[in-house]
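J.: predicted model and sequence follow; I will ask about them next.
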Amino acid sequence: MKPKITKLETFQEMELKDKLASSFLAFENQIDIDSYVHDIRSEAFKTFEDKGFPSKKEEAWKYTSLNSILKEDYSVFPKQENALTYPDVKKYFIHEIDSYKIVFIDGKYSSHLSQTTHEGIDVCLMSSALNKPKYRLIIENYFNKAATNDSLPSLNTAFSNEGAYIHIPKNKLVEKPIQIIHFSTGSEAAQLLQPRNLIVVDENSHVQIIERHQSLTDNPVLTNSVTEIFGRKRAIVDYYKIQNDNLNASLIDNTFIDQKQNSHISVHTFSFGGKLTRNNLNFYQNGERIDSTLKGITIIGDKQHVDHSTLVHHIEPNCESHQDYKGIFGDKATGVFNGKVVVEKEAQRTNAFQANNNILLNDKATINTKPQLEIFADDVKCSHGCTIGQLDESAMFYLRSRGIPEKEAKALLMYAFANNVLESVKIPEIKQRINKIIANKLGVNIGFDL
Amino acid sequence: MLKIDNLHASVEDKAILRGINLEVKAGEVHAIMGPNGSGKSTLASVIAGKEEYEVQDGEIILEGENIDELAAEERAHKGIFLSFQYPVEIPGVSVTNFMKTAINETRKARGLEDMPAKDMLKMIREKSELLEIDRKFLSRSLNEGFSGGEKKRNEIFQMAMLEPKLAILDETDSGLDIDALRIVANGVNKLKSKDNAVVVITHYQRLLDYIVPDYVHVLYNGRIVKSGTKELAKELEEKGYDWIKEEVNA
């Protein structure tokens, strides 16, 4: 018999767990008991109950404590529905381009703000995919097949009901990007959101997706999100996560990506906002000649915390992975980069690159960076490098001596530092938006178009 | 234009400049020579406003205004330009974007609107031709992977773009082959007018064959120990600095 692991939980954690347990019972009663996912949900909730919330004692959570966000009395289901009008929230969309939109307000689908489709491709809702027979096959083949049974993904699986469902059949080039946006309006004193996204991109298809979580209130919000992405043979997926939430919003993003041969999947994560952000980004290469790209820019200050925990699992030969994360930390901000690369014995001729470069703007800001390479194949090229530094004084003097004031010179150097991450962004409007967010954040107004 | 009066400066409590007196008038070219470690580059950096240097005593006056308390960018806005001995490599910032930012920030400080893009492009084209700079070069990252000659040409290109009142050229000749030296010197000469002034810091007479100074000063041990005309530079080239050191120490 497996010994039960006992661990010390805070009172608040126990309270929240109790609340989740009773909420789960209520949730189970209200939805179709025969549904295929019912067993998966029940199993997942048991797993979560056994494991509990992650603590700093676990290696993977050593530098990120959830204590400060678990003390809130979160409501799990919103009691009232709030409406938003497009002009109110337009600025959170990449509105300069034509796009499909899947929009949620306090966890509930907003048909008013969304633009979904079933013409040739399915860009719609997880709730309908889970309930309608025509999606049954995809759900049975893919739902919860890439997500791990770690505690927080399990908690999400237990409550999985709503989110984005995207299925691109083979040989489709989806011309319009798809924007997935989650708003929270503060209708509850504190809110827990658990969106669940499933994205299946079949052979030879190409899609671009933009994801954003935005709180419109100062009330605390905790989002525990799970996204599963499946890229079949020669699929191309470009995924952009724009994280610029307000200082009472926290995000635990669990993204699991399963790639088949010759597929190219990239994820760019732009972390500028939020109280606590944890990005668990996992790539599994189940095929040959796969390319995986993981890039990120983090610019935070105040007491913000951003943790990037990445995993690239090289399982088959002749694949590549490219990781490049840049971080700029001011005030008392804290950052974590934990990049794990596993190269299995069969995965010969793997090229795996990882870089994490950081600038600390003062003595109070910290970054913990930890590359983890586990290599079992012998014919591989793997490199990793991390740097932590300050802004280059001689470069500052050089710029200032040309008439560029201190603040602008700092901003220019930060742009320059982060620039190569933006180079691989394929949607120019996203690049412009990121530039604008950075400029706002740094309090400068200069027309850099790097 | 520039008047330096009894300037004392140190870095990390080490005195480097020990009482510099120098006056540069509009339309003049001054050369400052001297052995290694005499304080030439420090003098250039102190005039340009590098913060690591602490001015203990004395004054730097630009057009009647004491600029001691001004930040480097404010001095640039007032028309001071330093051509760096070792231009800093800044990956990710193109030469063009850097120049645009520098010019528009300077204009902003002077209460002017941004330069229209068309005028900017025209100016960039003219000035890059003057320095025989390839257009492709302008979209490269600032100084990154530039050869020694390219870096120095790029410095003078920036000078041409910013049109300073007082340009200080810190060992602009070092690392240049004879062709690059001629291009750089030719550029400087074309930019010279009766309204601006140039201070050339150099080890060698070579550059002064092309940029002919009105006055030559010898800096030794943090002081200007000898001043003269261009003949002094020739004498230094022939005899080295030992005779000056002996004179000073005697």
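T.: The structure has been received and is ready for your questions. Numbers count the residues shown, from 1 in each chain, chains lettered A, B, ... in the order given.

J.: can you name the next helix or strand after the helix or strand hosting A:Ile199?
T.: Element membership for A:Ile199 (DSSP states H and E) is strand A:196-201. Using DSSP H and E, the helix or strand that directly follows strand A:196-201 along the chain is strand A:206-215.

J.: from the chain's centroid, how far away is that following strand?
T.: Mean-position distance between strand A:206-215 and its chain equals 10 Å (CA atoms, centre = their mean, to the nearest Å).

J.: from the contact counts, what lies against it?
T.: strand A:164-168, strand A:178-184, strand A:196-201, strand A:221-231, strand A:236-243, strand A:249-259 (3 or more CB pairs under 8 Å, 6 or more residues apart in numbering or on different chains; DSSP states H and E). C-beta here means a position set from N, CA and C on the backbone, and glycine is covered the same way.

J.: one more time with 6 Å, if that's ok
T.: strand A:178-184, strand A:236-243 (3 or more CB pairs under 6 Å, 6 or more residues apart in numbering or on different chains; DSSP states H and E).

J.: and the longest one, what does it pack onto?
T.: Right, strand A:236-243. Right, strand A:236-243 is packed against strand A:206-215, strand A:264-271 by 3+ CB pairs under 6 Å, 6+ apart.

J.: can you give me the end-to-end distance of stretch A:121-130?
T.: One end of stretch A:121-130 to the other measures 17 Å (CA to CA, to the nearest Å).

J.: now stretch A:206-224
T.: Note: stretch A:206-224 ends 27 Å apart using CA to CA.

J.: now stretch B:132-152
T.: OK, stretch B:132-152 end separation, CA to CA: 12 Å.

J.: over to stretch A:213-227?
T.: 13 Å.

J.: centre-most residue in chain B?
T.: The geometric centre of chain B, computed from its C-alpha atoms, lies nearest to B:Ile168 (CA atoms, centre = their mean), at 2.0 Å.

J.: confirm that one sits in a strand?
T.: Yes - the assignment for B:Ile168 is a strand, going by DSSP: H, G, I helix; E, B strand; the rest coil.

J.: thought it was touching B:Val200?
T.: No - at 8.2 Å, B:Ile168 does not count as touching B:Val200 under the criterion of CB atoms under 6 Å.

J.: which neighbours do these two share?
T.: Residues touching both B:Ile168 and B:Val200 (CB atoms under 6 Å, 6 or more residues apart in numbering or on different chains): none.

J.: so where do the strands sit in chain B?
T.: B:2-11, B:14-24, B:29-33, B:53-62, B:65-66, B:80-83, B:90-94, B:141-142, B:166-170, B:197-201, B:215-220, B:223-228 (DSSP state E).

J.: go on, the stretch 251-400 of chain A?
T.: Ranges of strands in the stretch 251-400 of chain A, per DSSP state E, counting those that start in this stretch, are A:264-271, A:276-285, A:291-300, A:305-314, A:320-329, A:334-343, A:351-360, A:366-375, A:381-389.

J.: I'd like the ones you listed written out as CSV, with mean neighbour count, mean pLDDT and distance to chain B added.
T.: Output for those, formatted as CSV (neighbours: other CB atoms under 10 Å in any protein chain shown; pLDDT from 0 to 100; distance: least, CB to the nearest CB, whole Å):
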stretch, mean neighbour count, mean pLDDT, distance to chain B
strand A:264-271, 23, 98, 17
strand A:276-285, 24, 98, 24
strand A:291-300, 24, 97, 12
strand A:305-314, 24, 98, 21
strand A:320-329, 23, 96, 10
strand A:334-343, 22, 97, 20
strand A:351-360, 21, 96, 11
strand A:366-375, 16, 95, 20
strand A:381-389, 13, 93, 13
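
J.: any chance of those in a markdown table, plus distance to B:Glu129?
T.: Shown next, in a markdown table, are the strands of the stretch 251-400 of chain A (distance: least, CB to CB, whole Å):
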| stretch | distance to B:Glu129 |
| --- | --- |
| strand A:264-271 | 40 |
| strand A:276-285 | 49 |
| strand A:291-300 | 37 |
| strand A:305-314 | 47 |
| strand A:320-329 | 37 |
| strand A:334-343 | 46 |
| strand A:351-360 | 37 |
| strand A:366-375 | 46 |
| strand A:381-389 | 38 |
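
J.: how far off centre is the strand holding A:Ile199?
T.: 13 Å.

J.: ok, residues contacting it?
T.: A:126, A:142, A:160, A:163-168, A:207, A:226-231, A:235, A:237.

J.: in chain A, what residue comes closest to chain B?
T.: A:Ala416 (3.2 Å; CB to the nearest CB).

J.: leaving out the residues flanking it, which one is nearest to that residue?
T.: B:Gly92 (3.2 Å; CB to CB, 6 or more residues apart in numbering or on different chains).

J.: quick check, that neighbour in contact with A:Leu413.
T.: No - counting by CB under 6 Å, B:Gly92 stays clear of A:Leu413, with 8.6 Å between them.

J.: tell me what angle the longest helix seen in chain A forms with strand A:221-231.
T.: As assigned by DSSP state H, the longest helix anywhere in chain A is helix A:11-30. In terms of direction (axes from the mean of the first three to the mean of the last three CA atoms, to 10 degrees), helix A:11-30 departs from strand A:221-231 by 60 degrees.

J.: would you mind pulling up the elements that helix A:11-30 packs against?
T.: helix A:67-70.

J.: follow-up on the earlier one: which one of the strands of chain B lies nearest to A:Asn219?
T.: strand B:90-94 (39.0 Å; CB to CB).

J.: coming back round to it: just to check, the residue of chain A closest to chain B is in contact with B:Glu89?
T.: No - with contact defined as CB under 6 Å, A:Ala416 does not reach B:Glu89; the gap is 10.6 Å.

J.: quick check: the residue nearest to the centre of chain B vs chain A, distance?
T.: Using CB to the nearest CB, to the nearest Å, B:Ile168 is found at 10 Å from chain A.

J.: which ones are touching that residue?
T.: Contacts of B:Ile168 (CB under 6 Å, 6+ apart): B:44, B:82, B:199.

J.: can you give me the pLDDT of the closest residue to the second one other than its chain neighbours?
T.: Counting by CB to CB, 6+ apart, the nearest residue to B:Leu82 once its immediate chain neighbours are dropped is B:Ala48, at 4.0 Å. What the model reports for B:Ala48 is a pLDDT of 97.

J.: ok, B:Ala48 - how many residues close by?
T.: 22 (other CB atoms under 10 Å in any protein chain shown).

J.: and A:Lys170, by the same measure?
T.: With other CB under 10 Å as criterion, A:Lys170 counts 13.

J.: okay then, goodbye and thanks.
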